[in-house]
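[1] following is a predicted model, sequence given first.
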Amino acid sequence: MRRTAPGSDPVAMYVAGSFRWADDTFPLIDPTDGAVIGAVPEAPRELVDEAVRAARGALAGPWGSMSVGDRSAALRRIADGIAARFGDFVDTEVRETGKPRALAETMDIPRAIDNFRAYADLLYARRDSTFHTVSPQGEALNYTVRRPLGVVAVISPWNLPLLLLSWKVAPALAAGNAVVAKPSEETPGTAALLAEVIHEAGLPPGAFNLLHGHGAGAAGEFLTSHPEVDAIAFTGESATGSAIMRAAADHVTPVSFELGGKNAALVFADADFEAAVEGTLRSAFTHSGQICLCTERVYVERPIYDEFVAALGERARKLAGYGPMISAQHRDKVLSYYRLAVEEGATVVAGGGIPDFGDDRDQGFHVEPTVLTGLPSTARTVREEIFGPVCHVAPFDTEDEAVRLANDSAYGLAATVWTTNLSRAHRVAPRVEAGIVWVNCWNLRDLRTPFGGVKASGIGREGGEYSLDFFSEPVNVCVRI
Ligand SMILES: NC(=O)c1ccc[n+]([C@@H]2O[C@H](COP(=O)([O-])OP(=O)(O)OC[C@H]3O[C@@H](n4cnc5c(N)ncnc54)[C@H](O)[C@@H]3O)[C@@H](O)[C@H]2O)c1
Ligand SMILES: O=C/C=C/C=C(\O)C(=O)O
């Protein structure tokens, strides 16, 4: 069984229990220095068809009839398998995304392991409803059974490649579905390692299948428009979500969408100043702003506005060790917003250009952490998702205005509120149109909470029981007594 292309990194595909390659390949690029580090297979339509058939076959075979206990044990073996190859996963994650090693070591890879462990447990913890019905039509026992959806397509982005893939694959498998996954073409490596781990864990052939390749007009679209796919779980840009929704409409395929954001931070004058500045620095610049939860709009109550802007700008200028944009194309997109902001009349408080390291990183795709001020709320820079290390800071005068500004967006994924006034925190948080509101913190995550966005930021919620709800169909059985 050949897992790797000759002379390249192991980014094989995995279909029907065996590792696959393809004649057509494209280069894998290290964004830190722009070097070609491997070749990625482009799955042809026939292989997508074969993967969907293999998944269907798995549902009719041992995977479809596996006990909850055995399924849970299989998920645990996957978690242990990732843990056993922790270093390989970290190396691959860092090489393909350019993110700081500490981030991969403390967030991406441990959280991926947790995802498999958590869903192994949740399988047991799950309860469903039963009702004893007494009505004029008669007496009955109503109970609920959960059926898997069937063949689930998982399409994931490049920013947290393993975390966001496992965030869908683990609950989909836990609920008894068969999965066909297509990770981002820019970061296929950790998914390929996951396929090896799943193979070693002994899942029946076809229960998990992995394809590589591009989205539009390629493997991604072949998969999401496939008539035999029963559900689509997607994380990525809102525009891609729209395209997938159109493809899914033909077969009324259910979708779960985690999409883009333009997340707001509200900093009140009564906030712990130091915590708010440091927290906003983290929320705007972690992974160079390439986390869907990152802050791009900061609103600060006027009495502390000047001091806040000065402090944030000074710390942004001093940031070191940050990673690159994922690709030359994405770097160019972010830089085009830096230019647009100036055209729109912004004051550049920090950054605004390309750093000069004087080493190999100058061949990579870095941009400077950037703080802007002075734009009206109608500016494209304030309205559109940039997905880079950049935020715009504007003042506000009242609590109502702060909430109105936060909600003045097509998006609604996450928000942060910085205040020491407990009543204000509880008053403001539910008024913000976002799926997640952090008070005096950012990205403090618990796998059991509902995760997702409102408006253009998504459809549905993932996390804990919420994922199991999406990945299974409740069936009401009514038995006359
Ligand atoms: N809400 C969240 O939880 C969340 C999490 C991470 C990233 N994101 C968003 O993801 C974006 C960055 O990731 P990206 O650039 O990889 O997103 P993207 O939408 O460009 O690509 C995501 C995936 O979709 C595939 N794809 C693209 N076009 C497709 C099509 N027509 N049909 C089927 N598949 C297709 C790609 O190949 C890739 O695997 C940002 O907008 C970010 O906000 C959201
Ligand atoms: O990029 C966007 C999604 C982030 C998700 C998490 O960081 C998480 O689930 O903890």
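    Yes, it's here. Only a predicted model underlies this, so the values are computations on that prediction, with no experimental measurement involved. Ligands and ions are numbered 1, 2, ... in the order given.
[2] where's the residue of the stretch 51-200 of the chain found nearest ligand 1 relative to residue 165, distance?
    Residue of the stretch 51-200 of the chain nearest ligand 1, by CB to the nearest ligand atom: residue 157 (3.1 Å). All C-beta atoms are positioned from the backbone trio N, CA, C, and that covers glycine. Residue 157 sits 9 Å away from residue 165, going by CB to CB, to the nearest Å.
[3] okay, those two: which has more neighbours?
    Legend: neighbour count by other CB atoms under 10 Å for residue 157 and residue 165, higher for residue 165 (27 against 24).
[4] how far off centre is the one helix or strand that one maps to?
    Secondary structure from DSSP states H and E places residue 165 in helix 161-174. On the basis of CA atoms, centre = their mean, to the nearest Å, helix 161-174 sits 10 Å off its chain's mean C-alpha point.
[5] before we move on, what about stretch 394-414?
    Here stretch 394-414 shows a centroid-to-chain-centroid distance of 24 Å under the convention CA atoms, centre = their mean.
[6] do stretch 365-382 as well
    Put simply, stretch 365-382 sits 23 Å off its chain's centre (CA atoms, centre = their mean).
[7] state the mean pLDDT of that stretch.
    The pLDDT scores in stretch 365-382 average 98.
[8] in it, what counts as buried?
    Buried residues in stretch 365-382, defined by neighbour count with 16 or more other CB atoms under 10 Å: 365-373, 375, 379, 381-382.
[9] and the longest strand for the protein?
    strand 138-148 (DSSP state E).
[10] spell out the secondary structure type for the residue of the stretch 251-400 of the chain found nearest ligand 2.
    In the stretch 251-400 of the chain, the residue that lies nearest ligand 2 is residue 292 (3.0 Å; CB to the nearest ligand atom). For residue 292, the assignment made with DSSP: H, G, I helix; E, B strand; the rest coil gives coil.
[11] hmm, back to that, next step: the buried residues of stretch 365-382 restricted to strands.
    Among the buried residues of stretch 365-382, DSSP E puts 370, 371, 372, 373 in strands.
[12] with distance to ligand 1 added, can I get these in TSV?
    Output for these, formatted as TSV (distance: CB to the nearest ligand atom, whole Å):
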residue	distance to ligand 1
370	18
371	20
372	19
373	23
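[13] which one of the residues you listed sits closest to residue 346?
    residue 372 (4.4 Å; CB to CB).
[14] can you pull the contacts of that closest one?
    Taking CB atoms under 8 Å, 6 or more residues apart in numbering as the contact definition, residue 372 lies against 341, 346, 347, 348, 349, 352, 381, 390, 391, 392, 393.
[15] also residue 189?
    Shown in contact with residue 189 (CB under 8 Å, 6+ apart): 9, 10, 11, 28, 38, 92, 93, 95, 96, 161.
[16] pretty sure the fourth one is in a strand, no?
    It stands for residue 28. Yes - using three-state DSSP, the secondary structure at residue 28 is a strand.
[17] pretty sure residue 328 contacts residue 186?
    No - counting by CB atoms under 8 Å, residue 328 stays clear of residue 186, with 11.0 Å between them.
[18] between the two, who's got more neighbours?
    Shown here are residue 328 and residue 186; by other CB under 10 Å, residue 186 has more neighbours (20 against 14).
[19] for ligand 2, see how far away the closest residue to the more buried one other than its chain neighbours is.
    Of all residues not flanking residue 186 in the chain, residue 158 sits nearest, at 4.2 Å (CB to CB, 6 or more residues apart in numbering). Here residue 158 is placed at a distance of 10 Å from ligand 2 (CB to the nearest ligand atom, to the nearest Å).
[20] I figured residue 158 was touching residue 93, is that so?
    No - using CB under 8 Å, residue 158 is not in contact with residue 93, being 10.8 Å away.
[21] what touches both of these two?
    Listed as contacting both residue 158 and residue 93 by CB under 8 Å, 6+ apart are residue 187.
[22] quick one: name the residues of the chain near ligand 1.
    155-159, 164, 182-185, 214-216, 220-221, 224, 235-237, 240, 243-244, 258-261, 292, 385, 387, 413, 453, 457-458 (CB under 6 Å from any ligand atom).
[23] wait, what's in contact with residue 245?
    Residue 245 makes contacts with 255, 257, as judged by CB under 8 Å, 6+ apart.
[24] go on, residue 232?
    Residue 232 makes contacts with 152, 153, 155, 224, 244, 248, 253, 254, 255, 256, as judged by CB under 8 Å, 6+ apart.
[25] and the contacts of the helix or strand hosting the last one?
    For residue 256, the host element (DSSP H and E) is strand 255-258. Outside of strand 255-258, the residues within contact range by CB under 8 Å, 6+ apart are 164, 168, 231-236, 241, 244-245, 248, 292, 451-453, 457-460, 462, 470.
[26] any idea where the helices of the stretch 1-150 of the chain begin and end?
    Using DSSP state H, counting those that start in this stretch, the helices of the stretch 1-150 of the chain run over 45-60, 68-84, 86-97, 101-103, 109-125.
[27] restricted to strands, list the contacts of strand 255-258.
    If you go by DSSP E, these have 231, 232, 233, 234, 235, 458, 459 in strands.
[28] up against ligand 2, what does the chain have?
    Close to ligand 2, as judged by CB under 6 Å from any ligand atom, the chain has residues 159, 160, 167, 291, 292, 293, 443, 445, 451.
[29] buried subset of those residues?
    Buried by 16+ other CB under 10 Å: 159, 160, 167, 291, 292, 293, 443, 451, out of the residues of the chain next to ligand 2.
[30] now render those residues as JSON lines, adding pLDDT and distance to residue 267.
    Converted to JSON lines, those look like this (pLDDT from 0 to 100; distance: CB to CB, whole Å):
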{"residue": "159", "pLDDT": "98", "distance to residue 267": "25"}
{"residue": "160", "pLDDT": "98", "distance to residue 267": "26"}
{"residue": "167", "pLDDT": "98", "distance to residue 267": "30"}
{"residue": "291", "pLDDT": "98", "distance to residue 267": "20"}
{"residue": "292", "pLDDT": "98", "distance to residue 267": "21"}
{"residue": "293", "pLDDT": "98", "distance to residue 267": "17"}
{"residue": "443", "pLDDT": "97", "distance to residue 267": "17"}
{"residue": "451", "pLDDT": "98", "distance to residue 267": "24"}
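[31] now, which of those residues sits nearest residue 405?
    residue 293 (18.7 Å).
[32] quick one: contacts for the closest one?
    Counting by CB under 8 Å, 6+ apart, residue 293 has contacts 261, 263, 283, 413, 414, 436, 442, 443.
[33] what's the spacing between it and residue 352?
    Residue 293 sits 23 Å away from residue 352, going by CB to CB.
[34] check residue 78 too.
    Distance, residue 78 to residue 352, using CB to CB: 44 Å.
[35] the two: which has the busier surroundings?
    Legend: neighbour count by other CB under 10 Å for residue 78 and residue 352, higher for residue 78 (28 against 20).
[36] my read is that that one contacts residue 198, right?
    Yes - applying CB under 8 Å, one finds residue 78 in contact with residue 198, separated by 5.8 Å.
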